[in-house]
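Student: Predicted structure and sequence below. I'll ask about it afterward.
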Amino acid sequence: MNLLKQFGRYILMLGVVFSRPNRFKFFWNQSLLEIEHIGINSLPIVALMSTFMGAVIALQTASSMESPLLPDYTVGFITQSSTILEFSPTIISLILAGKVGSNVASEIGTMRITEQIDALEIMGVNSLNFLVLPKVVAALVFFPVLVVFSMSLSMLGGWLALLVSDLTTTEIYILGIRSFFNPFHITYALTKTLVFGFLIVSIASFYGYYVKGGSLDVGRASTQAVVSSSIAILIANFILTQIMLLS
Amino acid sequence: MIEVRQLSKSFNGQQILFDIDHQFEKGKVNLIIGQSGQGKSVLAKCMVGLYEPDGGQIYFDDRNFTNMDRHERSLIRQEIGMLFQGAALFDSMTVEQNVMFPLQMFTQMTKAEIQKRTDYCLERVNLEGSNLLMPSQCSGGMQKRVGIARAIAMRPRYLFCDEPNSGLDPKTSIVIDNLIQDITREFEITTVVITHDMNSVMEIGDQIVFIHEGKKCWSGDRHSIIDSGNEEIENFVYASSFMKEIRSKLQKK
């Protein structure tokens, strides 16, 4: 019952978030700032995670290739398909749910408990629209960039790992990367990323905006935001895969 | 003038305000006083629309705020300035940007006009030269003054101050009180101050309403509060043993 009530409140919140901004100049400036905060500042962690993720996928695949019937380029192909289909969009989104989600929830939550949100409301500012919409726009604009960046680095990491371990040659790896490439998989991955980005920012904003109490409650809201957005990502991943790949 | 009629509010089945009727007069500092937890802040938050009352009406110069939609309320709120207990400054902005914010958001003023108005507001609260400080670099008293500067930036018709002296030393408190009083008289605005500080009551209380257990218990001015004859208000005014001693000395005389 409580879950249903929370969901209803979340939907009502979205209705207020997606209204016309008071001033487009402010909205534009805030959106650029948020692209820096939640997008560009996430580049280092995404780069690190993706490179090692790609390296491990390539090494694990190479270590399991015992059958002589499998062609050598299989390692490259598996690295490419698992990175594009799942690892970059989903795992990176789960990592961003932790980094960005907790940041957004604690930022908005702190504004709530220090009455900064009340101050906005008293001035006549639509605080939900002012605070949340630029974050949503930043996530929708920049998360796909992060995921494409992650895909590239993951495949680069796989190549480096195989090269250092002397498990394959560059030519064979590139042949594997290019084999059976389906451009629709990129569309599928980016669609998932857009949905995940929206879920991460909106769920985190929801927990931050409606926090009550003090700093302990902000911490709790931040944790809840990460847990809930991670669960939402996993459920959305399942639904989108059913819809886009199997129907 | 702000008028509340039959205002009531409850939270989770617990009644906090009981049918409050009161008029807050223009050009005067109207105080809402009472002990902690008696409903003062709830009353003020209902008046500015942060809480939705369960019953009753709120009028801002005969405009019924209670029946307004979000857009109409937004327009009224542009006529309201509010100083929060903790100042509620936007901590990602400088002092200057905090004061400029409502002007940039709601007016068509040019950059130069906004800068001029911001400088005037900061000067009015004796903070000239503090434009580029961050809120975290300001003392409690300075933060309150920035809060006042931001509240008056839009030339409000109504000013709400939620415990403006909390956390301040007595001398700084008097500076803030006098500033609120001067601004009220200078701009002819309706000021509502929530406080339980007796120094403030005696310093600036043009009109006072005493809230006890969610009900309007007494109203009057600062001269009549001393010998109100109301038991609850006497318990509030003469709460400390020092004040009780003064009262008994006065009674002996």
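Tutor: Nice, thanks for sending it over.
Student: what number of residues lie near the closest residue to chain A within the stretch 101-250 of chain B?
Tutor: Residue of the stretch 101-250 of chain B nearest chain A, by C-beta to the nearest C-beta: B:Pro102 (5.0 Å). For every residue, glycine as well, the C-beta is placed using N, CA and C. Neighbour count for B:Pro102, taken as other C-beta atoms under 10 Å in any protein chain shown: 23.
Student: Whatever helix or strand it lives in: what's the following helix or strand?
Tutor: Assessed by DSSP states H and E, B:Pro102 sits inside helix B:95-106. Scanning forward in sequence from helix B:95-106 by DSSP H and E, the next helix or strand is helix B:111-124.
Student: In chain A, which residue is most central in space?
Tutor: Closest residue to the average C-alpha location of chain A: A:Ser93 at 2.8 Å, with C-alpha atoms, centre = their mean.
Student: these two touch, right, that one and A:Phe198?
Tutor: No: contact between A:Ser93 and A:Phe198 fails when scored by C-beta atoms under 8 Å: they sit 10.6 Å apart.
Student: Write out the residues of the stretch 101-250 of chain B neighbouring chain A.
Tutor: B:101-102, B:104-106, B:154, B:160 (C-beta under 8 Å from any C-beta of the partner chain).
Student: for the stretch 151-253 of chain B, which spans come out with low pLDDT?
Tutor: B:253 (pLDDT under 70).
Student: As a check, name the ranges of all helices in the stretch 51-200 of chain B.
Tutor: Counting by DSSP state H, counting those that start in this stretch, the stretch 51-200 of chain B has helices at residues B:70-77, B:95-106, B:111-124, B:140-152, B:170-187, B:198-204.
Student: swap in chain A?
Tutor: Using DSSP state H, the helices found in chain A span residues A:2-17, A:24-34, A:43-64, A:74-82, A:92-96, A:102-113, A:116-123, A:127-165, A:170-178, A:183-209, A:215-241.
Student: Get me the contact residues on chain A for chain B.
Tutor: A:22-23, A:26, A:114-116, A:118-119, A:121-126.
Student: what sits against the residue nearest to the spatial centre of chain B?
Tutor: Nearest to the geometric centre of chain B sits B:Cys161, at 2.0 Å (C-alpha atoms, centre = their mean). B:Cys161 makes contacts with B:82-83, B:180, B:191-194, as judged by C-beta atoms under 8 Å, 6 or more residues apart in numbering or on different chains.
Student: that older thread, contact partners for the residue of the stretch 101-250 of chain B closest to chain A?
Tutor: Neighbours of B:Pro102 in contact, by C-beta under 8 Å, 6+ apart: A:123, B:78, B:150, B:153-154.
Student: Quick check: A:Leu162 touching A:Thr61?
Tutor: No: A:Leu162 is beyond contact range of A:Thr61, at 9.3 Å (criterion: C-beta under 8 Å).
Student: For B:Arg5, see how far away the residue lying closest to A:Ile186 once chain neighbours are set aside is.
Tutor: What sits nearest to A:Ile186 in space, not counting adjacent residues and going by C-beta to C-beta, 6 or more residues apart in numbering or on different chains, is A:Ile84, at 6.5 Å. As judged by C-beta to C-beta, to the nearest Å, A:Ile84 and B:Arg5 stand 65 Å apart.
Student: So which of these two has more stuff around it?
Tutor: Between A:Ile84 and B:Arg5, counted using other C-beta under 10 Å, A:Ile84 has the larger neighbour count: 22 against 16.
Student: tell me the pLDDT at the more buried one?
Tutor: On pLDDT, A:Ile84 comes in at 95.
Student: ok, back up a step: output the helices of the stretch 51-200 of chain B in TSV, with distance to A:His185 appended to each entry.
Tutor: Below are the helices of the stretch 51-200 of chain B laid out as TSV (distance: least, C-beta to C-beta, whole Å):
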stretch	distance to A:His185
helix B:70-77	44
helix B:95-106	44
helix B:111-124	50
helix B:140-152	52
helix B:170-187	63
helix B:198-204	68
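Student: Pick the most buried one from those.
Tutor: helix B:140-152 (a mean of 25; mean count of other C-beta atoms under 10 Å in any protein chain shown).
Student: For that one, name the packing helices and strands.
Tutor: strand B:80-83, helix B:95-106, helix B:111-124, helix B:170-187 (3 or more C-beta pairs under 8 Å, 6 or more residues apart in numbering or on different chains; DSSP states H and E).
Student: Out of the ones you listed, which is closest to A:Phe149?
Tutor: helix B:95-106 (32.9 Å; C-beta to C-beta).
Student: And the average pLDDT for that closest one is what?
Tutor: 94.
Student: Let me know the angle separating that helix from helix A:24-34.
Tutor: Taking axes from the mean of the first three to the mean of the last three C-alpha atoms, to 10 degrees, helix B:95-106 and helix A:24-34 form an angle of 130 degrees between their directions.
Student: Next, the angle from helix B:95-106 to helix B:70-77.
Tutor: 130 degrees.
Student: Check the offset of helix B:95-106 from the chain's centre.
Tutor: 20 Å (C-alpha atoms, centre = their mean, to the nearest Å).
Student: Is A:Val136 in contact with A:Ile200, as I believe?
Tutor: No: the criterion here is C-beta under 8 Å, and A:Val136 misses it with A:Ile200 at 9.7 Å.
Student: So which of the two has more stuff around it?
Tutor: A:Ile200 (31 against 20).
Student: Okay, now stretch B:121-134: how far is its last residue from its first?
Tutor: The first residue of stretch B:121-134 is 17 Å away from its last residue (C-alpha to C-alpha, to the nearest Å).
Student: in that stretch, what's buried?
Tutor: By 16 or more other C-beta atoms under 10 Å in any protein chain shown, the buried positions in stretch B:121-134 come out as B:121-122, B:124-125, B:127, B:130-131.
Student: What is the nearest of these to B:Lys216?
Tutor: B:Val125 (32.0 Å).
Student: Leaving out chain neighbours, which residue sits closest to that closest one?
Tutor: Here the residue nearest B:Val125, using C-beta to C-beta, 6+ apart, is B:Arg145, at 4.0 Å.
Student: which residues touch that neighbour?
Tutor: If you count contacts by C-beta under 8 Å, 6+ apart, then B:Arg145 has B:125-127, B:176, B:179 around it.
Student: Ramachandran angles for the residue lying closest to B:Arg77 once chain neighbours are set aside?
Tutor: If the residues on either side of it in the chain are set aside, B:Arg77 comes closest to A:Gly124, at 3.8 Å by C-beta to C-beta, 6+ apart. Phi and psi for A:Gly124, reported as degrees, to the nearest 10, are phi 100, psi 10.
Student: Cross-check the contact I'm expecting between A:Gly124 and B:Glu72.
Tutor: No: A:Gly124 is beyond contact range of B:Glu72, at 10.4 Å (criterion: C-beta under 8 Å).
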